[in-house]
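Novice: Give me a model of this one.
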Amino acid sequence: MADLLVSTLMSHYPADAALALESQDSIEVAELLNTYPERISANVLAFLSAPKQAECVRGLTDLKLLALLPHLPISSSSQLLLHITRERRKKLLPLLPLPMTLALKVLHRFPEGTAGAAMDPLTPTLPLGVTVEEALKRLRTLTQVVPHQVFIVDENRLLLGRVSTSVLLLAPRKSHIDDWLDIKSPVFSAHSRLEDYEQHPAWINETLVPVVDSKGLFLGGLSQSALMAGLHPLNEPSNSTVADRHNSGWVGMADLLWASLGSLLTPSKKDSKPPAGNSHEH
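Specialist: Take a look at the predicted model:
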């Protein structure tokens, strides 16, 4: 009966399970996480405090850690890997899926507490010059939540601007995204401290801000929820799925509502041009 209660709690109420495990011995918690499917373990681990996460991750087996990390946001995975030895990290990184390995290597280039360390390097981008039809086709293949804005880069990944996804849905399919490009958008520096952006006016209208290096090359996107988690790791869950984040505030709710619009990303039988004056979002 006790095992059934623990299983139910961890499977359906990960935040409550994490709260209950917070005061338990970290070695025992790690042993418990080792015995559960990686998705369940990842959800519970995401709600543990940062110090508890650091202690528990050292007790996870290599196989469990490799299976668990892809179920966490990339910024959370990056922070967890910093709590294991350099030798173990070097051994595990090449064994993860290649896109994740490359993203983690990018994040580990930046000091903790910077925009570069908290961003998502896997933020979708589109190359300049593609048609709206091709852009929507690429967006339909995304496994993550469809972004409100898609960042546009050149062949060297220089950030050129952004395009509103809602505009793409209404734009003529044969037109090019260049016609709807918005070049007036906020940009964050990867080397800047997160504190510099906590009260930034960009958050009034944006849910995701591009992060660039000193040359203006696109590195990833920083969400407000990731920024707050980076600023307050002891008070905030490190992150979880979109559904689990719906109580985290306006940005989380916006992401959840936008996810429900994914069905709109289907080929249109008729080309329709966006209403005049709505080609950009501000």
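Novice: now the stretch 1-150 of the chain, which segments are flagged as low pLDDT?
Specialist: 1-3, 143-146 (pLDDT under 70).
Novice: For it, just list every one of the helices.
Specialist: For the stretch 1-150 of the chain, the helices defined by DSSP state H, counting those that start in this stretch occupy 2-12, 14-21, 26-35, 38-47, 50-57, 62-68, 74-81, 86-92, 98-107, 115-118, 132-140.
Novice: Burial-wise, tell me which of the ones you listed comes out on top.
Specialist: The highest mean neighbour count among these, using mean count of other C-beta atoms under 10 Å, belongs to helix 115-118: a mean of 25. C-betas here are computed from N, CA, C, even on glycine.
Novice: quick one: that helix to chain centroid distance?
Specialist: 11 Å (C-alpha atoms, centre = their mean, to the nearest Å).
Novice: And the strands in the stretch 151-282 of the chain, which stretches?
Specialist: Remark: strands assigned in the stretch 151-282 of the chain by DSSP state E, counting those that start in this stretch are 159-164, 188-189, 208-212, 218-223.
Novice: what's the last one packed up against?
Specialist: So the one you mean is strand 218-223. helix 98-107, helix 115-118, strand 149-153, strand 208-212 (3 or more C-beta pairs under 8 Å, 6 or more residues apart in numbering; DSSP states H and E).
Novice: nearest to residue 182, of the ones you listed?
Specialist: Nearest of the helices and strands packed on strand 218-223 to residue 182, taken as C-beta to C-beta: strand 149-153 at 8.1 Å.
Novice: List the strands paired with that closest one, with their directions.
Specialist: Using DSSP bridges, the strands paired with strand 149-153 are strand 125-127 (parallel), strand 159-164 (antiparallel).
Novice: Throw these into a markdown table and include distance to residue 191, thanks.
Specialist: Shown next, in a markdown table, are the strands paired with strand 149-153 (distance: least, C-beta to C-beta, whole Å):
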| stretch | distance to residue 191 |
| --- | --- |
| strand 125-127 | 20 |
| strand 159-164 | 16 |
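Novice: I'd like those laid out as a markdown table, including mean neighbour count and distance to residue 183.
Specialist: Converted to a markdown table, these look like this (neighbours: other C-beta atoms under 10 Å; distance: least, C-beta to C-beta, whole Å):
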| stretch | mean neighbour count | distance to residue 183 |
| --- | --- | --- |
| strand 125-127 | 18 | 14 |
| strand 159-164 | 22 | 4 |
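Novice: between these, which one is nearest to residue 231?
Specialist: strand 159-164 (24.2 Å).
Novice: That closest one to strand 208-212, inter-axis angle?
Specialist: Angle of strand 159-164 versus strand 208-212, following axes from the mean of the first three to the mean of the last three C-alpha atoms, to 10 degrees, is 170 degrees.
Novice: got the helices of the stretch 1-150 of the chain as a markdown table, with distance to residue 213 columns?
Specialist: Below are the helices of the stretch 1-150 of the chain laid out as a markdown table (distance: least, C-beta to C-beta, whole Å):
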| stretch | distance to residue 213 |
| --- | --- |
| helix 2-12 | 40 |
| helix 14-21 | 35 |
| helix 26-35 | 36 |
| helix 38-47 | 29 |
| helix 50-57 | 27 |
| helix 62-68 | 29 |
| helix 74-81 | 17 |
| helix 86-92 | 23 |
| helix 98-107 | 10 |
| helix 115-118 | 8 |
| helix 132-140 | 24 |
